[in-house]
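**Q** Fold the following and give me the result.
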Amino acid sequence: MSNTNDELIQLRQALEVPAAKEWEYTVKLLLRLMGEDPNREGLRRTPLRVKKALQFLTSGYRQDPAKILSRSFAVKQDEMVIVKDIDFYSMCEHHCLPFFGTCHVAYMPDGKIIGLSKIPRLVDAFAHRLQVQERLTTQIAEAINDQIHPLGVACVVEASHLCMMMRGVQKQNARAVTSSMLGVFRSSDKTRTEFLTLIRSSLA
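**A** Residues are numbered from 1 along each chain as shown. Just a heads-up that it's a prediction; the model follows:
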């Protein structure tokens with residue numbers, strides 16, 4: 001943290017930016033580099049809007065995943081628990097462009113379960129950071145595994161990336177799919193297949 005503070009001090013000194021004005025100055029600089037006039041009517045409040053948007057989209061840095069999962073309940077159940085179709089939005093750390101999609105999470109309890117709402121909250125805590133999809137998937141699974149020590153955890157993430165859709169290869173329909181399988185979801189073909197079948201079914 002001290003290194004970060006030192007860098008901010010150096011930035012202020014180099015750019016002569018007053019304390020608490022870093023966001024405003026930085027966004028105005030970016031607008032100028034884009035060829036815009038940050039003082040025109042439509043852009044005057046843009047620095048404040050960008051600040052609020054980015055602070056929300058990176059709010060996961062200020063959340064503790066272990067705290068989200070800290071409360072568990074003792075049970076005898078050992079059947080699969082699935083929360084699927086969890087919508088999420090994140091920011092690609094390579095281009096600072098959004099990627100978004102759905103996340104499917106399952107675990108096999110071993111004497112403990114967590115509240116179902118904790119899983120979407122956990123997804124958001126990791127998604128609201130600068131991310132790559134591969135790491136996001138692993139972090140979600142490992143956090144549940146480390147906190148309640150189930151028999152196994154599975155996480156599948158499907159996402160569209162604006163860095164592929166708006167620039168680069170410009171493929172509008174390409175979706176990335178990543179998975180993390182721990183414990184019995186890795187060792188048992190039957191358990192893994194059951195999970196993958198259930199997240200694809202509508203159960204209607």
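**Q** Can you show me the strands along the chain?
**A** Taking DSSP state E as the criterion, the chain contains strands spanning 72-74, 81-92, 98-108, 112-114, 130-131, 152-161, 176-183.
**Q** got a pLDDT number for the residue nearest to S187 when sequence neighbours are not counted?
**A** What sits nearest to S187 in space, not counting adjacent residues and going by Cβ to Cβ, 6 or more residues apart in numbering, is G152, at 7.8 Å. Bear in mind the C-beta positions are built from the backbone N, C-alpha and C, glycine included. We have a pLDDT of 97 for G152.
**Q** likewise Q10?
**A** pLDDT, read off for Q10, is 68.
**Q** Could you do the one 5 residues further on as well?
**A** Looking at L15, its pLDDT stands at 67.
**Q** what's the distance between S117 and R40?
**A** For S117, the distance to R40 (Cβ to Cβ, to the nearest Å) stands at 44 Å.
**Q** Then P47?
**A** Distance check for P47 against R40: by Cβ to Cβ, it reads 13 Å.
**Q** And for T137?
**A** 42 Å.
**Q** go on, K112?
**A** According to Cβ to Cβ, K112 stands 57 Å off from R40.
**Q** More neighbours: which of those two?
**A** K112 (15 against 10; other Cβ atoms under 10 Å).
**Q** show me what contacts the more buried one?
**A** By Cβ atoms under 8 Å, 6 or more residues apart in numbering, the contact list for K112 reads 72-75, 148-150.
**Q** now those residues as JSON lines including distance to K190 and neighbour count?
**A** What follows is those, written out as JSON lines (distance: Cβ to Cβ, whole Å; neighbours: other Cβ atoms under 10 Å):
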{"residue": "S72", "distance to K190": "26", "neighbour count": "16"}
{"residue": "F73", "distance to K190": "27", "neighbour count": "11"}
{"residue": "A74", "distance to K190": "27", "neighbour count": "8"}
{"residue": "V75", "distance to K190": "22", "neighbour count": "13"}
{"residue": "I148", "distance to K190": "22", "neighbour count": "20"}
{"residue": "H149", "distance to K190": "22", "neighbour count": "14"}
{"residue": "P150", "distance to K190": "17", "neighbour count": "24"}
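**Q** Throw those residues into CSV and include distance to R121, thanks.
**A** Formatted as CSV, the contacts of K112 follow (distance: Cβ to Cβ, whole Å):
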residue, distance to R121
S72, 14
F73, 16
A74, 21
V75, 20
I148, 15
H149, 20
P150, 18
